[in-house]
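Visitor: From the sequence below, what's the structure:
(4 chains)
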There are 2 protein chains.
Amino acid sequence: MNTRDKILATAKNLILKVGYNAFSFSDISVPLGIKNAAIHYHFPGKEALGCAVIRKEHENVIKWKNEVDKLDPWQKLERFFRVYDKNMVHNRICMVGSISSDLYAVPESMRDCLHAMVVDINQWLTELLEEGRRLGTFQFHGPAEGKAAVVVTSLAAGLQIARVLGSDKFEQIKNQIKLDITPTKDDN
Amino acid sequence: MNTRDKILATAKNLILKVGYNAFSFSDISVPLGIKNAAIHYHFPGKEALGCAVIRKEHENVIKWKNEVDKLDPWQKLERFFRVYDKNMVHNRICMVGSISSDLYAVPESMRDCLHAMVVDINQWLTELLEEGRRLGTFQFHGPAEGKAAVVVTSLAAGLQIARVLGSDKFEQIKNQIKLDITPTKDDN
DNA sequence: GTCTATATGTCGATAGAC
DNA sequence: GTCTATCGACATATAGAC
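Guide: Residues are numbered from 1 along each chain as shown, chains lettered A, B, ... in the order given. Alright, predicted model coming up:
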């Protein structure tokens, strides 16, 4: 892993742990054993670094979508949960939650990067729920778009609230999400 | 309204808009037409100000609970939604979402203040859902505690995601929450 | 590509006058 | 209770040596 990728990985973890505005270049350079100036060689400024982190995360989302493409709806959902689980164990929140909660305190270019990513995630989850309902493996009322919004926000803020109430709360939320889309024998 | 309360109100709005770490004393003193030193007279430091803001918000929650105590479950839920609506129109997120998403970038004393408030809100919503289900006005599967967690996180992150996708997304989420607890004639 | 050294700005905080 | 003036710490960023 080259220095540039190490910087990106460290910056990503910091954004998910303390937020974009709360980390400094020293929080990256010290653990990596480099100097602040080295970061500026790879990225012109903090704003560019922030954008690069979000864009890379967005690329990972796209790759991930292709990886899970052949799975059935429940498997896809479990894989989706696993993405959040990986952050949960490190007390990190998700990229969307971190940047959007600080949205008016980050540069506009980063907001644009985030927007593209959020649209993609929402669309993927909407299609998953729609497909699952069509196949009869999921059951819920109303438009899949609204259901997708409830699911993704429950997970996003679930990571946030679990910091305060403990990881059990996040497990509760995942269980409830599943319950809320599990078909009942006699529903219409 | 005295200076102390004006400072508290301004600080609260800033926390909900840009987050605790992203606002400075000047963001308070300039619009209020005072100097930074005046803030330090009322609050020894930023940490104390942050705690005071959360504690005041917590007190408001307690008062609010008493106000809506006699309403029926659906009315209570609508009033609960209205709290978030008031933030939505100003592109603010909720206190729990703002502080918890920056939790490891705020002083520990603020985390303690937030914890007490989150516990209170969760308990209130759990009891509301439990009561509504007992009366047959709500319907959902699983423990009310888990359902409460899904509802409150959908609203919290709903405000965050609405910053990116627009306020329509927040309306969608509220509608879906209601759909997901609306009784169906033949469910068991 | 990474370093040292430094520029420049802003922030929270405090002392002391009024 | 509010002001002026100032301090020290830390942030991002840059110039130039290696």
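
Visitor: Provide a list of residue ranges in chain A with pLDDT below threshold.
Guide: For chain A, the stretches with pLDDT under 70 are A:186-188.

Visitor: Please enumerate the helices of it.
Guide: For chain A, applying DSSP state H gives helices covering A:3-17, A:25-32, A:36-42, A:46-67, A:73-88, A:95-101, A:108-135, A:144-165, A:167-181.

Visitor: and the longest one, what other elements does it pack with?
Guide: By that I understand helix A:108-135. helix A:46-67, helix A:73-88, helix A:95-101, helix A:144-165, helix B:144-165 (3 or more CB pairs under 8 Å, 6 or more residues apart in numbering or on different chains; DSSP states H and E). (Each C-beta comes from the backbone N, C-alpha and C, glycine too.)

Visitor: quick one, which of those is nearest to DNA strand D?
Guide: helix A:46-67 (3.8 Å; CB to the nearest atom of the strand).

Visitor: For chain A, list the residues in contact with DNA strand D, please.
Guide: Contact residues, chain A versus DNA strand D (CB under 7 Å from any atom of the strand): A:23-26, A:36-37, A:40, A:44-47.

Visitor: Can I get the buried part of the residues you listed as one ChimeraX selection?
Guide: Typed into ChimeraX, the line below selects the buried ones among these, using 16 or more other CB atoms under 10 Å in any protein chain shown:
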select /A:23,25,46
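
Visitor: Give me the subset of the residues of chain A next to DNA strand D that also touch chain B.
Guide: Subset of those in contact with chain B: empty, counting by CB under 8 Å from any CB of the partner chain.

Visitor: Buried deepest among the helices and strands packed on helix A:108-135, which one?
Guide: Mean neighbours per residue, mean count of other CB atoms under 10 Å in any protein chain shown, is largest over these for helix A:95-101, with a mean of 28.

Visitor: Say whether chain B is contacted by it.
Guide: Yes. Legend: contact between helix A:95-101 and chain B by CB under 8 Å from any CB is shown at A:96-98, A:100-101.

Visitor: for stretch A:6-22, same thing?
Guide: Yes. Using CB under 8 Å from any CB, stretch A:6-22 reaches chain B at A:17-19, A:21-22.

Visitor: Turn the helices and strands packed on helix A:108-135 into JSON lines, including distance to B:W74.
Guide: Below are the helices and strands packed on helix A:108-135 laid out as JSON lines (distance: least, CB to CB, whole Å):
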{"stretch": "helix A:46-67", "distance to B:W74": "38"}
{"stretch": "helix A:73-88", "distance to B:W74": "30"}
{"stretch": "helix A:95-101", "distance to B:W74": "29"}
{"stretch": "helix A:144-165", "distance to B:W74": "18"}
{"stretch": "helix B:144-165", "distance to B:W74": "13"}
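
Visitor: Please render those helices as JSON lines that adds distance to DNA strand C to the earlier fields.
Guide: As requested, these are exported to JSON lines (distance: least, CB to the nearest atom of the strand, whole Å):
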{"stretch": "helix A:46-67", "distance to DNA strand C": "13"}
{"stretch": "helix A:73-88", "distance to DNA strand C": "28"}
{"stretch": "helix A:95-101", "distance to DNA strand C": "18"}
{"stretch": "helix A:144-165", "distance to DNA strand C": "22"}
{"stretch": "helix B:144-165", "distance to DNA strand C": "22"}
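
Visitor: Select, out of the ones you listed, the one closest to B:E78.
Guide: Nearest of the helices and strands packed on helix A:108-135 to B:E78, taken as CB to CB: helix B:144-165 at 12.5 Å.

Visitor: Against which helices or strands is the closest one packed?
Guide: For helix B:144-165, the packing partners by 3+ CB pairs under 8 Å, 6+ apart come out as helix A:95-101, helix A:108-135, helix A:144-165, helix A:167-181, helix B:73-88, helix B:95-101, helix B:108-135, helix B:167-179.

Visitor: For the last one, which residues meet the burial criterion?
Guide: Same thing as helix B:167-179. By neighbour count on 16+ other CB under 10 Å, the buried set for helix B:167-179 is B:169-174, B:176-178.

Visitor: quick one on the thing from earlier: which among the helices of chain A is found nearest to B:V89?
Guide: Closest to B:V89 of those is helix A:95-101 (CB to CB; 17.0 Å).

Visitor: Excluding its own residues, what touches that closest one? List them.
Guide: If you take CB atoms under 8 Å, 6 or more residues apart in numbering or on different chains as the criterion, helix A:95-101 is touched by A:12, A:15-16, A:19-20, A:54, A:57, A:106, A:110-111, A:114, A:117-118, A:121, A:152, A:156-157, A:159-160, B:19, B:93, B:97-98, B:101-102, B:157, B:160-161, B:163-164.

Visitor: Lovely, talk soon.
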